[in-house]
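Student: Build me a model:
(2 chains)
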Amino acid sequence: MTLLSTRGLSKSFDGLQAVSAVDFDLPQGEIRALIGPNGAGKTTFVGMVCGRIPPSAGQVMFDGQDITSLPAHKRILLGMAYTFQITSVFARLDVSENVALAARRRHPPKKVAVAVDEALARVGLSDRSDEEAGNLSYGHQRLLEIAMGLAQKPRLLILDEPTQGLSEGEIAGFKDLIRDLAKEATILLIEHNMSVVMETADRVSVLDFGVLLAEGTPAEIHANAAVQAAYLGTG
Amino acid sequence: MSGARVLTLHLGLLVLLFALHFVLPAYHHGNLARIMVLAAYAVGYNILFGYTGLLSLGHALFFAAGMYGLGLMIQHGGATPAPAFMVGVLAGAVVAGLLALLALRTTGVAFMIVTLMFAQAGYLTILYFGEWTRGDEGFVIQQAQRLLWGIDLSQPTARYFAAWALFSTAFLVSLWLVRRPFGRTLIAIRENEERVRMLGYDTHAHKLGAMVISGTIAAAAGAAYGLLFGYAGASFASVQYSIFPLLWVLLGGAGTVLGPFVGTLFMFYLIDLSSGITSAYMLIAGVTLVLLTLFAPQGLVGELRARAFRWLP
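Tutor: Below you'll find the model as predicted:
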């Protein structure tokens, strides 16, 4: 079953075509990586998917419903979660309150505390729950972002460059986390780190200059000549 | 458990204020009644500014809506204080809702200017209808018109307890609100609105709610001020009365439940005491304010929270 699809989705900023007529389908349960060079339109594309950016043309369908005209907060309530590319936690609030804000939208009041504990345990931040989020290390803030996504119990989790700025060790832990998350949510992952893409994604979509250049399994993409020319290089 | 500590501290303040009635000399007793009404105004302002992060320069409009809603009902409608007070509060809620619908289309500096402009328009409207409002000169609400259920609100004791009841209500509403999910969401909006939106919250509706609650409390304070001190005048709708709550809240600590009261008390006595020393009392007040902004930028209670008592709401 297709959870998310777009048809002819386009965005232009003052004449600059950031995304052109993208037809995209994401089946339920898949881990899909979205890759492409800087400025390829990846963040703009997912911005239109989750409602942060209004499209210039085209449609977004989620779970068989046309959501193109829905505001962002209503899309989130349908079961999307979006973690920001630039760490965007509530720095002056407690770690647990950060996750609770996410959880309250999804869980009845009495279950919020449990959901918060669960989400923090999943990412390994249980012992930091009373700290101010701004005092966490960068890597831990990224994990907190993911915990906030988890607490929303999303059907589609959109992760915008989650491993950016993480250490090698943290990235290894992150790969395990992604595979674990895929049991309950469909994942759309914008990622620059090729080892993460190759080891976690079921399929890969490549954007280049706002156009969907190729789609396939990690191995196919790795071997694709056009992708190599545009992005991966031949080395 | 910090919940019990919070409750003890805040209820303790209300008990203390209640008890002060029996020990304060007449002069300070009268002052404190006035401070409590103004502090209720500041509490309302703090919900929008301190907790939601929206800086309004137009709260005098809500304060005056309450004051004139009550005053005009008594003066021209022949109403008794209780229904007149309700009309005042309702007027404030409606005005706040309407202004919110317009002003919340803007953010930041534009929001400040839009609220300021509408408040000025309200002030000029009061002057324009001078036939009923008596404009700048205002009108006195007579002692005979200030009998609430047979209690003469012009008497110091009744006035003190009415002010205490008003302040307690506003204070407890504010404490309750910021510990509820709705209030926690407002705080999150202050910190990072876009993130809150992307967690699935309708941030516009939340800000609208915050502004209506804030304006309604301000209107209740305005109505009570007219009723307890027997006067309604256009000066309460002037820009000065929009700036006052901002100052009080900043001094006491924006985004703290105790801050508005502490700030109002501090500012009131700062001016009161310095005017006893010199005729250039505004100079003393000004210098103190500058020093406070330099050394306690988060306000008195805000600094306490940052340095020692992180559990303060």
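Student: The stretch 101-250 of chain B against chain A: which residues are in contact?
Tutor: Contact residues, the stretch 101-250 of chain B versus chain A (Cβ under 8 Å from any Cβ of the partner chain): B:181, B:184-185, B:187-188, B:191-192, B:194-203. Backbone N, C-alpha and C define where each C-beta goes, glycine included.
Student: which of the residues you listed are buried?
Tutor: Taking 16 or more other Cβ atoms under 10 Å in any protein chain shown as the criterion, what is buried in these is B:184-185, B:187-188, B:191-192, B:195-203.
Student: Just the buried residues of the longest helix that chain B contains, please?
Tutor: Criterion DSSP state H: the longest helix present in chain B is helix B:203-229. Buried residues in helix B:203-229, counted by 16+ other Cβ under 10 Å: B:203-204, B:206-229.
Student: gap between the residue nearest the centre of chain B and chain A?
Tutor: By Cα atoms, centre = their mean, the mean C-alpha position of chain B lies nearest to B:Tyr41, the distance being 1.2 Å. Distance of B:Tyr41 to chain A, given as Cβ to the nearest Cβ, to the nearest Å: 26 Å.
Student: How about the contacts made by that residue?
Tutor: B:His59, B:Phe63, B:Ile217, B:Ala218, B:Ala221, B:Gly222, B:Tyr225, B:Phe244, B:Pro245 (Cβ atoms under 8 Å, 6 or more residues apart in numbering or on different chains).
Student: 10 Å - rerun?
Tutor: Taking Cβ atoms under 10 Å, 6 or more residues apart in numbering or on different chains, we find B:Tyr41 in contact with B:59-60, B:62-63, B:66, B:166-167, B:170, B:217-222, B:224-225, B:241, B:244-245, B:248-249, B:260, B:264.
Student: The stretch 101-250 of chain B: strands as residue ranges?
Tutor: B:139-140, B:147-148, B:151-152, B:231-232 (DSSP state E, counting those that start in this stretch).
Student: right, so the ones you listed: which one is the most enclosed?
Tutor: Comparing these by mean neighbour count (mean count of other Cβ atoms under 10 Å in any protein chain shown), strand B:231-232 ranks first with a mean of 24.
Student: any idea of the mean pLDDT in it?
Tutor: Summarised as a single mean, pLDDT over strand B:231-232 is 87.
Student: Just give me how far that strand sits from the chain centre.
Tutor: 17 Å (Cα atoms, centre = their mean, to the nearest Å).
Student: I'd like to know which elements it is packed against.
Tutor: Applying 3 or more Cβ pairs under 10 Å, 6 or more residues apart in numbering or on different chains; DSSP states H and E, one finds that strand B:231-232 contacts helix B:59-75, strand B:139-140, helix B:203-229.
Student: who does the longest one touch, helix- and strand-wise?
Tutor: In terms of contact count using 3+ Cβ pairs under 10 Å, 6+ apart, helix B:203-229 is assigned the packing partners helix A:72-79, helix B:26-46, helix B:59-75, helix B:81-103, helix B:156-179, helix B:181-197, strand B:231-232, helix B:240-252.
Student: Which one of the ones you listed lies nearest to B:Thr278?
Tutor: helix B:26-46 (19.7 Å; Cβ to Cβ).
Student: can you map out the helices along chain A?
Tutor: Taking DSSP H, the helices of chain A run over residues A:42-50, A:72-79, A:95-104, A:112-123, A:138-151, A:168-181, A:194-200, A:218-223, A:225-227.
Student: Please name whichever of these is nearest to chain B.
Tutor: Proximity to chain B, assessed across the helices of chain A by Cβ to the nearest Cβ, is greatest for helix A:72-79 (3.3 Å).
Student: Look up how far B:Ile243 lies from the closest residue in space to B:Leu177 that isn't next to it in sequence.
Tutor: Nearest in space to B:Leu177, with sequence neighbours left out and distances taken as Cβ to Cβ, 6 or more residues apart in numbering or on different chains, is B:Gly183 at 4.3 Å. Look at B:Gly183 and B:Ile243: by Cβ to Cβ, to the nearest Å, they are 25 Å apart.
Student: Pick out whichever of those two has more residues nearby.
Tutor: More neighbours surround B:Gly183 than the other of B:Gly183 and B:Ile243, with 21 against 14 (other Cβ atoms under 10 Å in any protein chain shown).
Student: For B:Trp149, find the nearest of the helices of chain A.
Tutor: So among the helices of chain A, helix A:95-104 is nearest, using Cβ to Cβ, at 41.9 Å.
Student: is any part of that closest one close to chain B?
Tutor: Yes. Helix A:95-104 reaches chain B (Cβ under 10 Å from any Cβ of the partner chain) through A:Glu97, A:Asn98, A:Ala100, A:Leu101, A:Ala102, A:Ala103, A:Arg104.
Student: can you list those in a markdown table and add neighbour count and pLDDT?
Tutor: Formatted as a markdown table, these follow (neighbours: other Cβ atoms under 10 Å in any protein chain shown; pLDDT from 0 to 100):
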| residue | neighbour count | pLDDT |
| --- | --- | --- |
| A:Glu97 | 18 | 92 |
| A:Asn98 | 30 | 93 |
| A:Ala100 | 23 | 93 |
| A:Leu101 | 27 | 93 |
| A:Ala102 | 31 | 91 |
| A:Ala103 | 26 | 92 |
| A:Arg104 | 23 | 91 |
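Student: Just give me the closest of those residues to B:Ala254.
Tutor: A:Glu97 (18.6 Å).
Student: That closest one is in contact with A:Ala113, isn't it?
Tutor: No. Under the criterion of Cβ atoms under 10 Å, A:Glu97 is not in contact with A:Ala113, lying 11.5 Å apart.
Student: Alpha carbons only: can I get the helix or strand encompassing B:Leu11 in PDB?
Tutor: Using DSSP states H and E, B:Leu11 sits within helix B:2-23. Extracted as PDB, the C-alpha positions of helix B:2-23 are listed here (Å, rounded to 0.1, in the frame of the first residue of the first chain):
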ATOM      1  CA  SER B   2       8.000  20.200  43.000                       C
ATOM      2  CA  GLY B   3       4.200  20.500  42.700                       C
ATOM      3  CA  ALA B   4       3.700  20.800  46.500                       C
ATOM      4  CA  ARG B   5       6.500  23.300  46.800                       C
ATOM      5  CA  VAL B   6       5.000  25.500  44.100                       C
ATOM      6  CA  LEU B   7       1.600  25.400  45.600                       C
ATOM      7  CA  THR B   8       2.800  26.200  49.100                       C
ATOM      8  CA  LEU B   9       4.800  29.200  47.900                       C
ATOM      9  CA  HIS B  10       2.100  30.700  45.800                       C
ATOM     10  CA  LEU B  11      -0.700  30.100  48.200                       C
ATOM     11  CA  GLY B  12       1.600  31.400  50.900                       C
ATOM     12  CA  LEU B  13       1.800  34.700  49.100                       C
ATOM     13  CA  LEU B  14      -2.000  35.000  49.000                       C
ATOM     14  CA  VAL B  15      -2.300  34.100  52.700                       C
ATOM     15  CA  LEU B  16       0.400  36.700  53.500                       C
ATOM     16  CA  LEU B  17      -1.500  39.400  51.500                       C
ATOM     17  CA  PHE B  18      -4.700  38.400  53.300                       C
ATOM     18  CA  ALA B  19      -3.000  38.700  56.700                       C
ATOM     19  CA  LEU B  20      -1.300  42.000  55.900                       C
ATOM     20  CA  HIS B  21      -4.800  43.600  56.000                       C
ATOM     21  CA  PHE B  22      -4.800  43.200  59.800                       C
ATOM     22  CA  VAL B  23      -1.300  44.700  60.400                       C
END
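Student: could you list every residue that touches B:Gly222?
Tutor: B:37, B:40-41, B:44, B:59-71, B:88-89, B:91-92, B:232, B:236-237, B:241.
Student: From B:Val37, how far out is it?
Tutor: 9 Å.
Student: what does the worst-scoring helix or strand of chain A on mean pLDDT contact?
Tutor: One helix or strand of chain A scores below all others by mean pLDDT, DSSP states H and E: helix A:225-227, with a mean of 76. Contacting residues not belonging to helix A:225-227 are listed as A:Ile35, A:Gly36, A:Val204, A:Val206, A:Asp208, A:Leu213, A:Ala214, A:Gly216, A:Glu220, A:Ile221, A:Gly233, A:Thr234 [Cβ under 10 Å, 6+ apart].
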